[in-house]
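Novice: 3D, please:
(4 chains)
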Protein chains: 2
Amino acid sequence: MLHFGEMGSRWGINRTVGQVYALLYASQAPLSADEIVAALGVSRSNVSMSLKELQSWELVRLQHLPGDRRDYFSTPDDIWQIVRTLAEQRRKREIDPTLSVLRGLIVTQPGSEADEYAQQRLQQMHDLIELLVQWADEVQRLNTKELVQLLRLGSKVVGLLELKNKLPGLGRGLRRQPAETDAQPD
Amino acid sequence: MLHFGEMGSRWGINRTVGQVYALLYASQAPLSADEIVAALGVSRSNVSMSLKELQSWELVRLQHLPGDRRDYFSTPDDIWQIVRTLAEQRRKREIDPTLSVLRGLIVTQPGSEADEYAQQRLQQMHDLIELLVQWADEVQRLNTKELVQLLRLGSKVVGLLELKNKLPGLGRGLRRQPAETDAQPD
DNA sequence: CCGAACTTTCAGTAATTTTTGAAATTACTG
DNA sequence: CAGTAATTTCAAAAATTACTGAAAGTTCGG
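Specialist: Residues are numbered from 1 along each chain as shown, chains lettered A, B, ... in the order given. Reported below is the predicted structural model:
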């Protein structure tokens, strides 16, 4: 648990938040705030804040047990779902704002040659981030099984790509969203 | 620049370090420590420490201009190289230690049923991280052009995968490291 | 609408991290 | 090798972030 607290803090996540999440993740039954307090030895209010933070990231589920007024918290069973949520939230909070800052800087009139170079560099960064985001977006939509398959394949895909180029006639069959009209070739 | 300082601190990177890197990234000519001080308005010693940090991450290159005793710093021209270095370093510093902690926990004798569940969960996490790391490793080896192609392809690869399954006879042709002997099928 | 059970808020304090200036070190020049 | 330029180290100050206990808030059965 401690290790995940540490790790959290290296990735910009509060230590207690990391510990609470690790605990919930590893626990089969949902836990109440008091149980977390007992397990981690931190104050009740700290746990309350950490849970609120985790809720704002949509990383925990709040549920009630019948005949019990306390809040119980748990994490999704599918760990890939956790990864998806994490990616989605980080994107919304950090990536998207960064992209808009970059876009803002790129469209301003350069005041010097140095500015021009800087803009070109920022454009590169912008395009890179956008490419990664689009990739993540698409991959996000796959179900867990397909996702694992895709990752297992790794860079071998490049080989497949060459194959595809050699067999252009099969190209159309590969599209996930078939372009029915030939009006707009890519 | 300020934005990247902020962003850095959300990802576990010191604010000044982020600003220094952003400055170097956007600058065509290599910069000396004093130039960075002038541009960012932070203390000389802070810049020195930040540069040392960046050097320890292998993210900046130190070079000397002829007839000038000062150290000049710059970033790689290829932004994908930066991403590769970043991934490599984070892996070494954070992912690998986490994997060993996980392995350590997984092999201990479970003391209870709850332990058993926890171990199973940790195993899932371990396998997930390992899969991602292996994927990253393979993709890492691609050159920039291939990498971009692969990412552009995104989840369409799943479609290719299906194609491959339909044409098993072509399978061998796809390998990057051809297995010449048929002794060890996968 | 009371009171018990539970949760959240918040101001103050503690802990951690970042930044700095001064001093020490290193590297180079003539 | 003395002198100077450049860099690094380090202890202390400043800033930030995390944590706590006390108090306020909420919910719900009776």
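Novice: Centre-most residue in chain A?
Specialist: Against the mean C-alpha coordinate of chain A, by C-alpha atoms, centre = their mean, the closest residue is residue A:87 at 0.5 Å.
Novice: can I see the domain layout of chain A?
Specialist: A:2-74, A:79-167 (automatic domain parsing).
Novice: Would you map the strands across chain A?
Specialist: Assigned strands in chain A, in chain order: A:31-32, A:61-64, A:71-74 (criterion: DSSP state E).
Novice: pLDDT on the second one, on average?
Specialist: For strand A:61-64, the mean per-residue pLDDT is 94.
Novice: Quick one: check it for contact with chain B.
Specialist: No: judged by C-beta under 8 Å from any C-beta of the partner chain, strand A:61-64 makes no contact with chain B; its nearest approach is 15.6 Å. No exception for glycine: its C-beta is placed from N, CA and C like everyone else's.
Novice: Apart from its neighbours in sequence, what residue is nearest residue A:10?
Specialist: residue B:12 (4.6 Å; C-beta to C-beta, 6 or more residues apart in numbering or on different chains).
Novice: isn't that neighbour right next to residue A:14, touching?
Specialist: No: using C-beta atoms under 8 Å as the test, residue B:12 is too far from residue A:14 to be in contact (11.6 Å).
Novice: okay, and the common contacts of those two?
Specialist: Residues touching both residue B:12 and residue A:14 (C-beta atoms under 8 Å, 6 or more residues apart in numbering or on different chains): none.
Novice: who are the neighbours in contact with the residue nearest to the centre of chain A?
Specialist: A:136, A:140.
Novice: mean pLDDT lowest for which of the domains of chain A?
Specialist: domain A:79-167 (a mean of 90).
Novice: Compare the strands of chain A and give me the one nearest residue B:145.
Specialist: Closest to residue B:145 of the strands of chain A is strand A:61-64 (C-beta to C-beta; 43.2 Å).
Novice: The closest one and DNA strand D, any residue contact?
Specialist: No: figure legend: strand A:61-64 not in contact with DNA strand D (C-beta under 7 Å from any atom of the strand); closest approach 8.0 Å.
Novice: contacts for that strand?
Specialist: So strand A:61-64 is contacted by A:30, A:55, A:70, A:71, A:72, A:73, A:74, A:75, A:76 (C-beta under 8 Å, 6+ apart).
Novice: Neighbours of residue A:117, how many?
Specialist: By the measure other C-beta atoms under 10 Å in any protein chain shown, the count of residues near residue A:117 is 15.
Novice: For it, give me its contacts.
Specialist: B:26, B:27, B:28.
Novice: Those, buried ones only, as a PyMOL selection?
Specialist: To isolate the buried members of the contacts of residue A:117 in PyMOL, using 16 or more other C-beta atoms under 10 Å in any protein chain shown:
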select buried, chain B and resi 26+27
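Novice: from the contacts of residue A:117, which single one is nearest residue B:130?
Specialist: Checking the contacts of residue A:117 against residue B:130 with C-beta to C-beta, the nearest one is residue B:26 at 36.1 Å.
Novice: ok, longest helix in chain A?
Specialist: helix A:113-141 (DSSP state H).
Novice: Can you give the distance of that helix from its chain's centre?
Specialist: Distance, stretch centre to chain centre, for helix A:113-141: 17 Å (C-alpha atoms, centre = their mean, to the nearest Å).
Novice: try stretch A:79-94
Specialist: Computed by C-alpha atoms, centre = their mean, the chain-centroid distance of stretch A:79-94 equals 3 Å.
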